[in-house]
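> got a sequence here, can you build the structure:
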Amino acid sequence: MVLCFLALLVQMLQVVYQADDYSVGKLSGSSFGVLMEHAVDHYFNWGGGYTPTIVITLMSLPDIIWRLVITGMMTLIIAMASRLITKGQAGKKRWLVALVMWLLFFGASIHLTRETIYWLDGSMAYLFSAFQAFIVFYFLYTRLFMGDQKKYDLILIPFLCFFAGWSSAQSGGLAVLCVLGLVLYKLFVKKEKVAVRYLVSLALTIMGFCIFYFAPGNYARLTNFEVFNSYSFPQKILYRISDVYALIFDGR
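Predicted coordinates for the structure are as follows:
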């Protein structure tokens with residue numbers, strides 16, 4: 001894990017600002033009031049998420065910070081996933097699972113990772129939001145089914161659930177499904193009680209997702225894409241399938 005963390009960090013040290021980083025970065029170093037004004041304007045006129053504010057904040061700090069943040073998120077995802085996959089098995093297998101995931105990650109097409117990892121604004125929009133959904137799943141699964149319990153869960157888990165729901169359209173919906181699915185599985189399949197704090201966490205996840213989904217900025221943004229906006233829901237899905245398939249399987 002340490003060696004792969006360092007390998008990814010070496011790559012991240014070569015990453016430079018690009019695309020939206022420049023437009024968002026114009027506000028780096030601004031006062032808290034300016035940041036809040038930008039966040040409100042973004043919410044009502046462009047999108048429901050808050051990752052641009054995070055990008056501005058990171059760009060106000062030394063560059064090594066955002067590179068460490070991205071590297072750290074990827075490392076935590078693999079560390080948590082390897083623990084879940086090897087649950088109940090000999091501990092020596094965990095390193096092998098982690099190694100396989102690292103190799104798959106480093107072998108991913110640059111056409112995909114340049115949009116989601118090796119780009120500050122893109123990594124916050126995609127990697128960070130996916131990380132939020134995954135960490136919510138990890139915390140609830142380990143608490144509900146693996147017996148982990150920490151004193152800080154009472155505050156941390158509802159906090160994580162709320163912001164995971166508010167993360168993005170895809171990851172927010174995924175966070176809702178994860179929390180809902182785990183709670184229902186515990187109640188109706190395992191036939192065990194669920195603590196009130198997890199029901200509260202579910203409600204906060206849905207609340208966060210609603211804050212994102214019903215943001216006026218989402219609908220304002222769609223007006224810039226008249227043709228796409230005129231499509232029905234199935235047509236919108238079909239419109240993007242070929243591009244998504246190409247990114248995943250063709251490396252284009």
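> list the contacts of the nearest residue to residue 58 once chain neighbours are set aside.
Nearest residue to residue 58, sequence neighbours excluded (CB to CB, 6 or more residues apart in numbering): residue 66, at 4.1 Å. For glycine as for every other residue, the C-beta is placed from the backbone atoms N, C-alpha and C. Residues near residue 66 by CB atoms under 8 Å, 6 or more residues apart in numbering: 58-59, 120.
> which one of these is nearest residue 248?
residue 120 (23.1 Å; CB to CB).
> verify the stated contact: that closest one with residue 56.
No: judged on CB atoms under 8 Å, residue 120 makes no contact with residue 56 at a distance of 10.4 Å.
> have a look at the two and say which one is more surrounded.
It is residue 120, of residue 120 and residue 56, that has more neighbours when counted by other CB atoms under 10 Å, with 26 against 21.
> quick check: closest non-adjacent residue to the more buried one.
Excluding the flanking residues, the one nearest residue 120 by CB to CB, 6+ apart is residue 21, at 5.1 Å.
> pretty sure the one you found sits against residue 123.
No: at 10.3 Å, residue 21 does not count as touching residue 123 under the criterion of CB under 8 Å.
> neighbour count: those two, which is higher?
Neighbour count, other CB under 10 Å: between residue 21 and residue 123, residue 123 has more, with 27 against 19.
> in contact with the more buried one, which residues?
Contact analysis of residue 123 by CB under 8 Å, 6+ apart lists 70, 73, 116-117.
> any idea how far it is from residue 80?
For residue 123, the distance to residue 80 equals 18 Å [CB to CB, to the nearest Å].
> now swap in residue 62 and tell me
Distance from residue 62 to residue 80, by CB to CB: 27 Å.
> so for those two, which sits in the more crowded spot?
residue 80 (18 against 9).
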